[in-house]
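J.: structure for this input, please:
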Amino acid sequence: MNTPAPISSDRLQSVSDHLNESCFCITLDRASLCEALERESGDTEFCETFIHPRTHLFSNVPVFLPANAVAEMQEVVAAVEATSRIAAYQTAVLSWAPEIAQTDHGPFGALMGYDFHLGEDGPRLIEANTNAGGAFLNALLARAQRACCAELAPPLMPGAHSFEDAAFRMFQQEWERQRGDGAARRVAIVDDSPKEQYLYPELVLARHVLSERDVNAVIADASDLRYEGGRLKLDGETIDLVYNRVTDFAFEQLEHKALREAYRDGAVVVTPNPHNHALLADKRNLSLLSDPSVLEAWGVEPELRKQLEAIPCTVLVDPDNADTLWKSRKDLFFKPTGGHGGKAVYRGAKVTRGVWAEIMRGGYVAQTLVRPSQRMVAADGVHQALKMDVRLYTYDAQVLLVAARLYQGQTTNFRTPGGGFASVFVV
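T.: Purely as a prediction, here's the structure:
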C-alpha cells in the first residue's frame, strides 16, 4: 500500500492562512465555557462575577496554525533554555541582574510564557515572560471551543485535556528541585491586590486545581505576608511554596519585604522567582540571544544557533547607537528592559521626540519590528482583521499549552471587540 506523501510546509501555511481569513464557523461555546469555569472554580456565580464583566477576555474564534510552525516554536523554546544553562550566558546576564537574582535556589520557573509573531519567514520570538498569565483560563477555553469545519482534522490543542495535571506536577517538581523530597503542604498564589487584577479569575482556577489535588492553596496579597521565625507566614500559618504573580521582579517594593527576605534565605520555595526572571525574561538578554557572534564565541552549538535566529535582532539603547536607532526607528519596536504587560512599549514609527527623550534616559531595548499576522473576526456583524500573537506556556522547555491573543493597537490589551484569548487549532 502506498503511503500518502506528507503535506508540504507551504501547503500547511496556505491552509491555515485561508482558515484565519475566512473561517467563522467554529464559534466559542460560551455556555460550555461557563459551565466548565463554574465547575473548576467550585463557584456557581463564577461567570457572572468574573467573566461577564470582562467583555473582551475571550475571542469567539480560534486561531489556526500549521503544525510545522508550532514545532518550530517548540524548538526555539528548547534552544533558549538550553543556552540559558551555559556558564558564559549566565555570567553575562547575571552581570546586570539585581543581587537577589544571583542565587539559584533550584526552581526552573513555573509557567514560562514565550510570545511569538508569525513573520513572513516563520515564527519569531519577540519576548519571554515569567509569571505569564492566562494558562488556566486558556486550558478551559480550549475545551469549550467546538469544531464544525470539514476542512479540519480533529484539532490538536497541546495539553488542553491534561493541563491541570501537568500544572500540578510542575509545582511538585519545583518543590523537589529546592527541597529534594516531600511535598508542599500550603501554597500561596501571590499577587498585589489580587482581587483587583484583570486575570484574578485564573488565580481562582489555579487555587481550585491545587485544592482538588489535596493541597491547601490560598490566594494572598503580597503585603499580607509576614516573615517570622525563619518562616513565611500568612495569617499565622506557614507558607511552603509561593506561586508568584507579582511583577516587581526583584521584590524591591516595600510591600514585598517579607517575600524578599524569605526568598533570599531559602525559607520558602518561590516560583517563578528573581533568578528565573534574570536568566530568561530580562529583555536585555535578547540582545545576547540574537547576536550570532556572541553565541559562537560562547561555543553554542550550531543547531542551537540556528534555532535562535528566530529571535529578531535586539540591541540595548545607549548614547552610542542613539542616532542610528532614531534614523531607523520605523523598523524598530522599543521595550523597557524591566517591563511587562505591554506597558511603556513603543512602535518606532509612532515615537515622538518627547518619547524618544524618555527612551534615551535608559532602560530600553530596540528590537527589529516583526509585524504580527492577522485573524479575521466578526464583531458586531462586521468583519475586521485583528493582530495575532501566539504564546507557548512551558515548564522546563516542555510545552504545556499553546494559545493566541487577538487585539488591535500596539500590544495585547483585552479591550478589542472580537479580541482576547483564542484557542489554537493545529492544522
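
J.: pLDDT wise, what is residue 204 at?
T.: As predicted, residue 204 sits at a pLDDT of 96.

J.: element containing it?
T.: Residue 204 belongs to helix 200-211 when assigned by DSSP states H and E.

J.: which parts of that helix are buried?
T.: Under the neighbour-count criterion of 16 or more other CB atoms under 10 Å, helix 200-211 has 200-210 buried. (C-beta placed from N, C-alpha, C; glycine too.)

J.: same thing with stretch 46-53?
T.: Neighbour counts over stretch 46-53 (16+ other CB under 10 Å) mark 46-47, 50-51 as buried.

J.: for residue 252, what are phi and psi?
T.: phi -90, psi -20 (degrees, to the nearest 10).

J.: isn't it right up against residue 99?
T.: No. Using CB atoms under 8 Å, residue 252 is not in contact with residue 99; the gap is 10.5 Å.

J.: returning to that earlier point: got the contact list for the helix holding residue 204?
T.: Here helix 200-211 makes contact (CB atoms under 8 Å, 6 or more residues apart in numbering) with 37, 40-43, 46, 50-51, 54, 133-137, 140, 164, 167-168, 171, 187, 189, 191, 194, 197, 217-219, 243, 245.

J.: one more time with 7 Å
T.: With contact meaning CB atoms under 7 Å, 6 or more residues apart in numbering, helix 200-211 is reached by 40-42, 50-51, 133-134, 136-137, 164, 167-168, 187, 189, 191, 194, 217, 219, 243, 245.

J.: now whichever helix or strand comes after it against helix 200-211, angle please.
T.: Scanning forward in sequence from helix 200-211 by DSSP H and E, the next helix or strand is strand 216-221. Following axes from the mean of the first three to the mean of the last three CA atoms, to 10 degrees, one obtains 160 degrees for the angle between strand 216-221 and helix 200-211.

J.: oh, and call the first residue 57 from now on, that's how I've got it
T.: With 57 as the first residue, the last one maps to strand 272-277.

J.: what helices and strands are in contact with strand 272-277?
T.: strand 242-247, helix 256-267 (3 or more CB pairs under 7 Å, 6 or more residues apart in numbering; DSSP states H and E).

J.: averaged pLDDT, the following helix or strand past that strand. What do you get?
T.: Per DSSP H and E, the first helix or strand lying C-terminal to strand 272-277 is strand 282-284. Summarised as a single mean, pLDDT over strand 282-284 is 98.

J.: what is the following helix or strand past strand 282-284 packed up against?
T.: Remark: after strand 282-284, the chain's next helix or strand is strand 287-290, criterion DSSP H and E. Contacting strand 287-290 under the criterion 3+ CB pairs under 7 Å, 6+ apart is no other helix or strand.

J.: past strand 287-290, which element shows up next along the chain?
T.: Following strand 287-290 toward the C-terminus (DSSP H and E): strand 293-294.

J.: residues contacting that next one, please?
T.: By CB under 7 Å, 6+ apart, strand 293-294 touches 242, 287.

J.: 6 Å - rerun?
T.: With CB atoms under 6 Å, 6 or more residues apart in numbering as the contact definition, strand 293-294 has outside contacts at residue 287.

J.: what's downstream of that strand, the next helix or strand?
T.: strand 297-300.

J.: quick one: strands adjacent to that following strand?
T.: Paired strands of strand 297-300, with direction, are strand 242-247 (parallel), strand 325-327 (parallel) (DSSP bridges).

J.: give me the mean pLDDT for the next helix or strand after that strand.
T.: With elements assigned by DSSP H and E, the helix or strand that comes after strand 297-300 is helix 313-320. The average pLDDT within helix 313-320 is 98.

J.: what is helix 313-320 packed up against?
T.: Counting contacts by 3 or more CB pairs under 6 Å, 6 or more residues apart in numbering; DSSP states H and E, helix 313-320 is packed against strand 282-284.

J.: the strand it packs on: which residues count as buried?
T.: So for strand 282-284, counting by 16+ other CB under 10 Å, buried means residue 283.

J.: that older thread, more neighbours, residue 308 and residue 155?
T.: residue 308 (12 against 9; other CB atoms under 10 Å).

J.: so who does residue 92 touch?
T.: 196, 200.

J.: kindly report the same for residue 65.
T.: residue 124.

J.: remind me which residues of this structure are low pLDDT?
T.: 57-63, 202-217, 395-399 (pLDDT under 70).

J.: what's the longest strand in it?
T.: In terms of residue count, the longest strand belonging to the chain (DSSP state E) is strand 438-451.

J.: which elements pack onto that one?
T.: Right, strand 438-451 is packed against helix 123-139, strand 168-175, strand 429-435, strand 454-463 by 3+ CB pairs under 6 Å, 6+ apart.

J.: mind listing what the second one pairs with, with the direction of each?
T.: The partner list of strand 168-175 in its sheet, established with DSSP bridges, is strand 178-185 (antiparallel), strand 438-451 (antiparallel).

J.: got it, and the third one?
T.: Applying DSSP bridges to the sheet, strand 429-435 is found paired with strand 438-451 (antiparallel).

J.: about what we covered before: redo the helices and strands packed on strand 438-451 as JSON lines? Include mean neighbour count and distance to residue 232.
T.: Output for the helices and strands packed on strand 438-451, formatted as JSON lines (neighbours: other CB atoms under 10 Å; distance: least, CB to CB, whole Å):
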{"stretch": "helix 123-139", "mean neighbour count": "20", "distance to residue 232": "19"}
{"stretch": "strand 168-175", "mean neighbour count": "23", "distance to residue 232": "18"}
{"stretch": "strand 429-435", "mean neighbour count": "19", "distance to residue 232": "39"}
{"stretch": "strand 454-463", "mean neighbour count": "24", "distance to residue 232": "16"}
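
J.: distance check, residue 481 against residue 67.
T.: 16 Å (CB to CB, to the nearest Å).

J.: neighbour count winner among these two?
T.: Taking neighbours as other CB under 10 Å, residue 481 and residue 67 compare with residue 481 leading, 25 against 12.

J.: A strand includes that one, no?
T.: Yes. Assessed by DSSP: H, G, I helix; E, B strand; the rest coil, residue 481 belongs to a strand.

J.: nearest residue to the middle of the chain?
T.: residue 169 (2.4 Å; CA atoms, centre = their mean).
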